[in-house]
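> output the structure for:
(chains A, B, C and D)
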There are 2 protein chains.
Amino acid sequence: MSLDYAILGWLSTGPGSGYDLVRQMDVGLSWFWGASHAQIYPRLKVLEERGLITSEPVTVGTKLEKRVYSITEAGRAAVSAWASEPPTYPPNRDSERLRLIFGDHGDTKAMRRHFETHLDRFEKRKANLQEFLDSVTSRKHQRIEQRIADAPTEALKEIPLAVRTMAYAGDLRRAELEIDWARECLAWLDDFERRHPEESRAG
Amino acid sequence: MSLDYAILGWLSTGPGSGYDLVRQMDVGLSWFWGASHAQIYPRLKVLEERGLITSEPVTVGTKLEKRVYSITEAGRAAVSAWASEPPTYPPNRDSERLRLIFGDHGDTKAMRRHFETHLDRFEKRKANLQEFLDSVTSRKHQRIEQRIADAPTEALKEIPLAVRTMAYAGDLRRAELEIDWARECLAWLDDFERRHPEESRAG
DNA sequence: GGGAATCATGTAACTTTTTACATGACAGTT
DNA sequence: AACTGTCATGTAAAAAGTTACATGATTCCC
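Just a heads-up that it's a prediction; the model follows:
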């Protein structure tokens, strides 16, 4: 179960609460594996039962308690074992392209809206990723620095930053490809509507 | 639920059995929405209960019965309504990149295996997509022809083929991007191992 | 006629994910 | 003192998806 390893992997860079993990989803982790608090809190309990993480309560103010989780040696071993497992590929699930293929092909206005939404979404995504990639390459992330510090040899210190750069730069290019694709689809639609002005309405 | 619309959308191009739909998953539909027979058969019953599809038993040979489903007018209306709904975006779930980010960064051999698997997977995917795209553009698909024939005006006959070409060509470029990405990651790894031959082993 | 592959359809148990419900503390501000 | 936003953690019910179990017919080849 990948969620387990998203949690364990994140905790392998330092302790944190369930809420920290929920926050982390908004600022980077969800590029790879998104999950809501309703999944995270129960899962943390399971991982603790299995001895892969431990927790201690921390009192904030006078009454508010949070549980701060840390990875155990067993947890680190589990991550290490998972890391060399062969990848498994889930089925493709793309509701947007499903709509494009099976949608109402008389309704070019709806098609246009969908392409524009696609374009907008990936332009925003590109901007966010660019910002995030910049912050990674200028080494502003405490948890990545921790990873670098934890590397057992000088040479291996290079890797944590490199894999993140590769991963996020890859995502950035994926976003750029989607932007190009949406623009080309819109250009085709412009051309279609120019050639067939009578069809340029909801069907 | 997108599976419903994958089923309805497919049935909107002509009647077919559950098994036909299962087969279809291997030859095109699963590029967008993969599903196994264990999901499809129960779902067909639900859609029939809701009046979106109807079925009739067809006897093959002397005893074997199959149920052939057809979309109803209510079903077509449901597809049409769904087609103009705004898209919803599911959370990202990419276990491969999760492994890259949180995997064992001392084990460069495992990293290499993962990049090679990625490369291999998308090279195969590219080849399959290329073949499929060729068969689409040379109009060898009966169900696409049906879509074209069903278009209410001459101008709209252009759309079914165009959207499929856009969709599969987009997928092809996505596959090509993944191939480039994997090659670059491997090049980085080659360079790393050249610079640090002592780390070129499982850690 | 036997065997293998494929056609054809289903169910049961389980896991994973989503949506909604639910609660309460703390911090700032008007 | 009331209000708003954020911090913080949970549960319950439902939906969606996977894996395994299960059965029988037909077709084709040997």
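> so what's the residue lying closest to A:Thr117 once chain neighbours are set aside up against?
Excluding its sequence neighbours, the residue lying closest to A:Thr117 (CB to CB, 6 or more residues apart in numbering or on different chains) is B:Pro87, at 5.8 Å. Where C-beta positions appear, they are placed from N, C-alpha and C, glycine not excepted. B:Pro87 makes contacts with A:Ser95, A:Glu96, A:Arg99, A:His114, A:Thr117, A:His118, as judged by CB atoms under 8 Å, 6 or more residues apart in numbering or on different chains.
> quick one: secondary structure of B:Pro87?
Secondary structure, DSSP: H, G, I helix; E, B strand; the rest coil: B:Pro87 is coil.
> in helices, which of the contacts of B:Pro87 fall?
Using DSSP state H, the members of these that fall within helices are A:Ser95, A:Glu96, A:Arg99, A:His114, A:Thr117, A:His118.
> verify the stated contact: the second one with A:His118.
What it means is A:Glu96. Yes. In this structure, A:Glu96 is within contact of A:His118 by CB atoms under 8 Å, at 6.6 Å.
> ok, and what's touching stretch A:186-201?
Residues outside stretch A:186-201 that contact it (CB under 8 Å, 6+ apart): A:106, A:108-109, A:111-112, A:115-116, A:119, B:153, B:155-156, B:158-159, B:162, B:166.
> one more time with 7 Å, if that's ok
A:Thr108, A:Lys109, A:Met111, A:Arg112, A:Phe115, B:Thr153, B:Ala155, B:Leu156, B:Glu158, B:Ala162, B:Met166 (CB atoms under 7 Å, 6 or more residues apart in numbering or on different chains).
> list the buried residues of that stretch.
For stretch A:186-201, a neighbour-count test (16 or more other CB atoms under 10 Å in any protein chain shown) marks A:Leu186, A:Trp188, A:Leu189, A:Phe192, A:Glu193, A:His196, A:Glu199 as buried.
> same check on stretch A:101-120?
If you call a residue buried by 16+ other CB under 10 Å, then stretch A:101-120 has these buried ones: A:101-108, A:110-112, A:114-115, A:118-119.
> DNA strand D: which of these is nearest?
When the buried residues of stretch A:101-120 are compared for distance to DNA strand D (CB to the nearest atom of the strand), A:Phe102 comes out closest, at 15.6 Å.
> per-residue pLDDT, the closest one?
pLDDT recorded at A:Phe102 is 95.
> now it: closest residue in space that isn't a chain neighbour?
B:Gly9 (2.5 Å).
> host element of that neighbour?
Assigned by DSSP states H and E, B:Gly9 belongs to helix B:2-11.
> which secondary structure elements does that helix contact?
Contacts defined by 3 or more CB pairs under 7 Å, 6 or more residues apart in numbering or on different chains; DSSP states H and E place helix B:2-11 against helix A:95-102, helix B:18-26, helix B:37-49, strand B:64-71, helix B:73-83.
> that one to helix A:95-102, inter-axis angle?
Helix B:2-11 runs at 20 degrees relative to helix A:95-102, counting by axes from the mean of the first three to the mean of the last three CA atoms, to 10 degrees.
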